[in-house]
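Student: following is a predicted model, sequence given first.
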Amino acid sequence: MMILLTGGSACGKSSYAESLCMRSPTPRFYLAAMQPYGEEGARRVERHRRLRAGKGFETIERYRDYGSLVLPERGTVLLECICNLTANEMFDDEGRMTDPREKVIEGVGNLASQCVDLFVITNDVGSDGVEYEGSTAEYVRAIGEINARLAEMADTVIEMVAGIPIVIKGKIPQ
């Protein structure tokens, strides 16, 4: 089963996804897509590690190319998050830009084929009414299209609003 969780920044997606993962079969894998740039990035990564401590997750830090990722065994996967993965696939280390859409979608499909339950976290972008330019506008468009395709693939789509899960498609896993 694939569950897509979306919502604004800091709305409770991660903690809710973790609570759902705790109901799913073990082993549990946490796929961390965020590259920890600078001190703030390192602090965010450490905060998430502390929040997951004792919950039985094996963390796999992988920033790109989920299409070739082979999980150690079948179980439950929490992928955090599509926005980071998309940025990593879109911009290389020299800042060159490529279209990330197919790589991200294929990578999520690869993961879904290897696990019992796949929880995918993404952010709601582009609904702020701001007109971005250049590479930022392209990034926002890419995320929007990726999110739409993931919602089609998902069995369940949940939007988190102020810590409250709102089911858009399917049902909350038991």
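Tutor: Nice, thanks for sending it over.
Student: regarding the closest residue to V45 other than its chain neighbours, what is its secondary structure?
Tutor: Excluding the flanking residues, the one nearest V45 by Cβ to Cβ, 6 or more residues apart in numbering is P36, at 4.5 Å. For the C-beta atoms, the positions are set from N, CA and C on the backbone; glycine is no exception. Secondary structure for P36, judged by DSSP: H, G, I helix; E, B strand; the rest coil, is coil.
Student: please apply the same query to V130.
Tutor: coil.
Student: hang on, the earlier thing: how many residues are close by the residue nearest to V45?
Tutor: P36: 15 surrounding residues under other Cβ atoms under 10 Å.
Student: I figured it hits R44, correct?
Tutor: Yes - in this structure, P36 is within contact of R44 by Cβ atoms under 8 Å, at 7.2 Å.
Student: show me what the lowest-mean-pLDDT helix or strand in the chain is packed against.
Tutor: Between all helices and strands in the chain, the lowest mean by mean pLDDT, DSSP states H and E belongs to helix 38-52, at a mean of 82. Judged by 3 or more Cβ pairs under 8 Å, 6 or more residues apart in numbering; DSSP states H and E, the packing partners of helix 38-52 are helix 13-21, strand 28-32.
Student: which strands and helices sit next to the helix or strand just after it?
Tutor: With elements assigned by DSSP states H and E, the helix or strand that comes after helix 38-52 is strand 57-61. For strand 57-61, the elements it packs on are strand 28-32, judged by 3+ Cβ pairs under 8 Å, 6+ apart.
Student: which residues touch the strand it packs on?
Tutor: 21, 45, 48, 52, 55-62, 66, 69, 71-72, 75-80, 111, 115 (Cβ atoms under 8 Å, 6 or more residues apart in numbering).
Student: ok, of those, which come out buried?
Tutor: 21, 45, 48, 52, 57, 62, 66, 69, 71, 75-80, 111, 115 (16 or more other Cβ atoms under 10 Å).
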